[in-house]
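Participant: 3D model of this:
(chains A, B, C and D)
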Protein chains: 2
Amino acid sequence: MDEAVRDVELQVAMLLRLADRNRRSNVRLDRTLERSAYLALLRLAEVGPLAINEIAEHLRLDASTVTRQVLAMESAGYVSRGRDDADARRSVIAMTPAGRAALDGTREARASVYAELLADWDDAERRVLADALARLNDSLDRGIGR
Amino acid sequence: MDEAVRDVELQVAMLLRLADRNRRSNVRLDRTLERSAYLALLRLAEVGPLAINEIAEHLRLDASTVTRQVLAMESAGYVSRGRDDADARRSVIAMTPAGRAALDGTREARASVYAELLADWDDAERRVLADALARLNDSLDRGIGR
DNA sequence: CTAGTTCTCTGTATGATGCAGGTAACTCGT
DNA sequence: ACGAGTTACCTGCATCATACAGAGAACTAG
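Facilitator: As a prediction, the model looks like this:
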C-alpha cells in the first residue's frame, strides 16, 4: 500500500468536487465558456481547424457530445463550420474572431480566480503544482487508452 | 500575468475532464461508489455520524443533493438514519458495516487504478503531487466561501 | 460494384446537481 | 406561552454534460 498513491487518489476526488463547486459559484465565471467549450477552443487556438473527431479524441469525449458543443458554439458565433474538400464527411471547425475574444475573456477570468486562490502560495510552489498537474494529466491521458 | 497560475488553471481544467473520463471508462470502478457517496462515507468514517447539512457543507453540495444521496445510500444499506434526540429536525446519518465494506472496496479499487496510473512516478514525485493537491484543495475550500 | 468502415448527427437515457417552495421543528423576544 | 423568524430536511422541478445506439452519407478496398 503506497500511502502517497492513496493520498493522490483521495485528493483528486476532492479536487473534482471542489473545483466543480468553485466553477458554479464564482460570479466571475458566470458569463464565460463552459469547461469543455473552453478546452475545445483552446485546442483550436493552438493547432488550428479540426474535425469533430479530433476534438473528441483530444478531450476524451464521445463525438456526439462534441457535435452538440460545436453546434452550440457555432450558434454563439465562436466557431465556423465547413466541410473538408478532400473528405466530405469531415467537418472543419475553425475558431472565429468572436471565439478568440470569448476564449481570451474566459482565460482572463479563470486566471484571475486562480490568482486569488493561490495568492498565499509562493512562486516556486505554484510551479511545482502546475508541473505535477501537467504530469498527472499526461499519465491519465495515457492510462485512459489502457 | 503569472505563468504558473495560468498553467495551474489550465491543468486543473484538463484534469477535471480526464479524471471524469477515467472514472467512467475504467471497468474496475464499475461496481464501486460514486464520487460523492464515496466522499460522504469517507467523512462518516473519519468523524462519525453527521447531519445532512454537515455533509453538504463539507462537500460543498446543496443539502437537497445530499438528501438524495443519503436516501440512495440508505436503500443500498450503506448508512442508517435516525433523528437527533435533542433536535428532531436533524437527521443523524451513520455508516453501517455494509457501508464500511463498500467504502473499503471502493478505496481499494480506486487506489489500484491510481497505482497503475502513477506506476512510472518515483515515490518522492508522488508525495509532491499528493501534497500539492492537498494544499490546492485547502485553498479551494477556503476560496469558495469567498 | 459491393461490403465494410468512417464521420457526423439525432434520439434517448442517465446522473449529478441546484433552486424554489413546502413542512415540521426549534428559538427568541415580549 | 404566543407569534415571528430561522433552521433542517425533503420534494418537485429544471438543467447540463455526457454516453450509447442507430441512421445516413461519404469514403475505401477488393
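Participant: ok, now which ones touch residue A:106?
Facilitator: Contact criterion C-beta atoms under 8 Å, 6 or more residues apart in numbering or on different chains gives A:32-33, A:38 as the residues in contact with residue A:106. Placement of C-beta: from N, CA and C, glycine included.
Participant: Now residue A:93. Its backbone dihedrals?
Facilitator: As for residue A:93, its main-chain torsions (degrees, to the nearest 10) stand at phi -100, psi 120.
Participant: Could you measure from it over to chain B?
Facilitator: With distances taken as C-beta to the nearest C-beta, to the nearest Å, residue A:93 is found 18 Å from chain B.
Participant: Quick check: phi and psi at the closest residue to that residue other than its chain neighbours.
Facilitator: The shortest distance from residue A:93 to any residue other than its chain neighbours is 5.2 Å, reached at residue A:79 (C-beta to C-beta, 6 or more residues apart in numbering or on different chains). The phi and psi torsions at residue A:79 (degrees, to the nearest 10) take the values phi -140, psi 160.
Participant: does the helix or strand where residue A:106 lies come close to DNA strand D?
Facilitator: Under DSSP states H and E, the secondary-structure element containing residue A:106 is helix A:97-117. No. Legend: contact between helix A:97-117 and DNA strand D by C-beta under 7 Å from any atom of the strand is lacking; minimum distance shown is 12.6 Å.
Participant: Okay, buried residues for whichever helix or strand comes after that helix please.
Facilitator: Past helix A:97-117, further along toward the C-terminus, the next helix or strand under DSSP H and E is helix A:123-145. Of the residues in helix A:123-145, those scored as buried under the neighbour-count criterion (16 or more other C-beta atoms under 10 Å in any protein chain shown) are A:125-137, A:139-141, A:143-144.
Participant: Helix, strand, or coil at the residue most central in space within chain A?
Facilitator: Of all residues in chain A, the one closest to the mean position by C-alpha atoms, centre = their mean is residue A:39, 2.7 Å from it. Reducing the assignment at residue A:39 to three states with DSSP: H, G, I helix; E, B strand; the rest coil gives helix.
Participant: which residues does it contact?
Facilitator: Residues near residue A:39 by C-beta under 8 Å, 6+ apart: A:59, B:13-14, B:17.
Participant: can you name the two of the residues you listed that are farthest apart?
Facilitator: Between any two of the contacts of residue A:39, the greatest separation by C-beta to C-beta is 10.4 Å, found for A:59 and B:13.
Participant: Let me know the pLDDT of residue A:5.
Facilitator: Confidence at residue A:5, expressed as pLDDT, is 95.
Participant: what about it, how many neighbours?
Facilitator: Burial of residue A:5 is recorded as 25 neighbouring residues (other C-beta atoms under 10 Å in any protein chain shown).
Participant: neighbours around residue A:11, how many?
Facilitator: Under the neighbour criterion other C-beta under 10 Å, residue A:11 is assigned a count of 19.
Participant: hmm, I was thinking of residue A:25
Facilitator: Each residue near residue A:25 was counted by other C-beta under 10 Å, and the total is 14.
Participant: Residue B:143 is in contact with that one, correct?
Facilitator: No. Assessed by C-beta atoms under 8 Å, residue A:25 is found out of contact with residue B:143, at 9.9 Å.
Participant: and the one helix or strand residue A:94 maps to, what does it pack onto?
Facilitator: Residue A:94 is part of strand A:91-95 when elements are defined by DSSP H and E. Of the remaining helices and strands, those touching strand A:91-95 by 3 or more C-beta pairs under 8 Å, 6 or more residues apart in numbering or on different chains; DSSP states H and E are helix A:35-47, helix A:52-59, strand A:79-83.
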